[in-house]
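quick check, what structure comes out for this input:
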Amino acid sequence: MRQPHLLTELGEARIKWVEIFRDRLVMHPARRSEGEAIANQLGIHVATDHPATRPGFTLWTGSWKGIDMYIYGELREAVPQVRPW
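Predicted structure coming up:
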C-alpha cells in the first residue's frame, strides 16, 4: 500500500514552500500561525524561539519518518520580550 504524500497529509494549502536538503526538510507554512499545529501533527515538539528578529518566530525541530524537519511558526506568546540595549 502506498503511503500518502507529506503535502497531501498536511493539506497542500497550508504549506507555502518546502526547502529540500540532502539531510533535512524546512517547511514554511502559508500562515505562520499554523506552524505549531503542523509540527504537532508530525509529532515534532521541540521549539526554539527567536524573539530578537523582526518579526520574531519559533522554529520547531524534530524527526518525521527518519527525516530531520524544521518548521517555521509564529513566535509563541509565552516568550518574554527582548529589551533593546
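
now the element after the helix or strand bottoming out on mean pLDDT in the chain, going C-ward?
Lowest on mean pLDDT, DSSP states H and E among the helices and strands of the chain sits helix 6-10, with a mean of 86. Moving toward the C-terminus from helix 6-10, the next helix or strand (DSSP states H and E) is strand 15-20.

okay, the closest residue to L7 other than its chain neighbours: pLDDT?
Excluding its sequence neighbours, the residue lying closest to L7 (CB to CB, 6 or more residues apart in numbering) is I15, at 5.9 Å. In this view, the C-beta of every residue, glycine as well, is placed from N, C-alpha and C. If you check I15, the pLDDT there is 94.

just give me the neighbour total for I15.
When neighbours are counted by other CB atoms under 10 Å, I15 registers 17.

surely it meets P29?
Yes. Shown here, I15 and P29 form a contact pair, counting by CB atoms under 8 Å, at 6.2 Å.

shaky segments in this structure?
Low-confidence segments of the chain (pLDDT under 70): 1-4, 78-83, 85.

90 instead, please
1-9, 11-12, 51-55, 65, 76-85 (pLDDT under 90).

tell me where it has strands.
Assigned by DSSP state E, the chain shows strands spanning 15-20, 24-29, 46-50, 57-64, 67-74.

output the longest helix belonging to this structure.
Assignment by DSSP state H gives helix 35-41 as the longest helix of the chain.

list the buried ones in that one?
Neighbour-count burial for helix 35-41 flags 35-36, 38-39 (criterion: 16 or more other CB atoms under 10 Å).
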